[in-house]
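Enquirer: return a 3D structure for these sequence lines:
(one chain, ligands or ions: 1)
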Amino acid sequence: MPTPVPPYLAVEQTTLPRYPAAGRSAAPHLVVAVGTAVPPPLRAGDRLRVLGAAADAGGLLDAELPTMVTGWRILVTGTESEVQQVRAAALARGALDSELDLRPTDVDTDPHGARPRAIHCGHCHLRFAATAAIGGPVRCPGCAHRLVVAHHHSRTHAAFLGSPV
Ligand SMILES: [Zn+2]
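Expert: Sure, this is the predicted structure:
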């Protein structure tokens, strides 16, 4: 497979996810902890829900969102793939990005570095998990095409684009 060549695009010129420094508004939060993620300390008015798997986010949000009023925020912690999957489920149910606070547990300071990522195959549209760097090679387990992980992350697919090479 071809080896990606730096320099990479500046993060600001991409749709790679960015996670602002911790610190949250005074609003009450629905705190969603996925898997083994440790939630932040709860404050008065917060509501904690623990999800075994991000794939179950739809059911949880269907139950919780109707009980929330304007001003509530949703804080999600888990791996990047998990928090992005919960975000996609929330956006599909009418939540706004500005209402979501994502706290991935497996993201370091290098947005391009190799780590577990959800990849959306641009050829067969399979979503799969792989440990990959941005610009790095992966092989789709569905169609066996060689892919390069693009500088594009889809909020609706909760995945990085795997571009066929
Ligand atoms: Zn594929």
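
Enquirer: quick one, helices of the protein?
Expert: Counting by DSSP state H, the chain has helices at residues 57-64, 80-92.

Enquirer: what is the last one packed up against?
Expert: Under the contact criterion of 3 or more CB pairs under 8 Å, 6 or more residues apart in numbering; DSSP states H and E, the helices and strands touching helix 80-92 comprise strand 29-34, helix 57-64, strand 73-78, strand 100-104, strand 115-121. C-beta: built from backbone N, CA, C; applies to glycine.

Enquirer: in the second one, what's buried?
Expert: By 16 or more other CB atoms under 10 Å, the buried positions in helix 57-64 come out as 57-58, 60-61, 64.

Enquirer: so how far is it from its chain's centroid?
Expert: With CA atoms, centre = their mean, to the nearest Å as the basis, helix 57-64 stands 17 Å off its chain's centre.

Enquirer: and it with helix 80-92, angle?
Expert: In terms of direction (axes from the mean of the first three to the mean of the last three CA atoms, to 10 degrees), helix 57-64 departs from helix 80-92 by 50 degrees.

Enquirer: how about helix 57-64 as PDB, C-alpha atoms only?
Expert: This file holds the C-alpha atoms of helix 57-64, laid out as PDB (Å, rounded to 0.1, in the frame of the first residue of the first chain):
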ATOM      1  CA  ALA A  57     -27.700   5.500  22.000                       C
ATOM      2  CA  GLY A  58     -30.800   5.800  19.900                       C
ATOM      3  CA  GLY A  59     -33.000   4.100  22.500                       C
ATOM      4  CA  LEU A  60     -31.500   6.100  25.300                       C
ATOM      5  CA  LEU A  61     -31.900   9.400  23.500                       C
ATOM      6  CA  ASP A  62     -35.500   8.600  22.400                       C
ATOM      7  CA  ALA A  63     -36.300   8.200  26.100                       C
ATOM      8  CA  GLU A  64     -34.300  11.200  27.400                       C
END
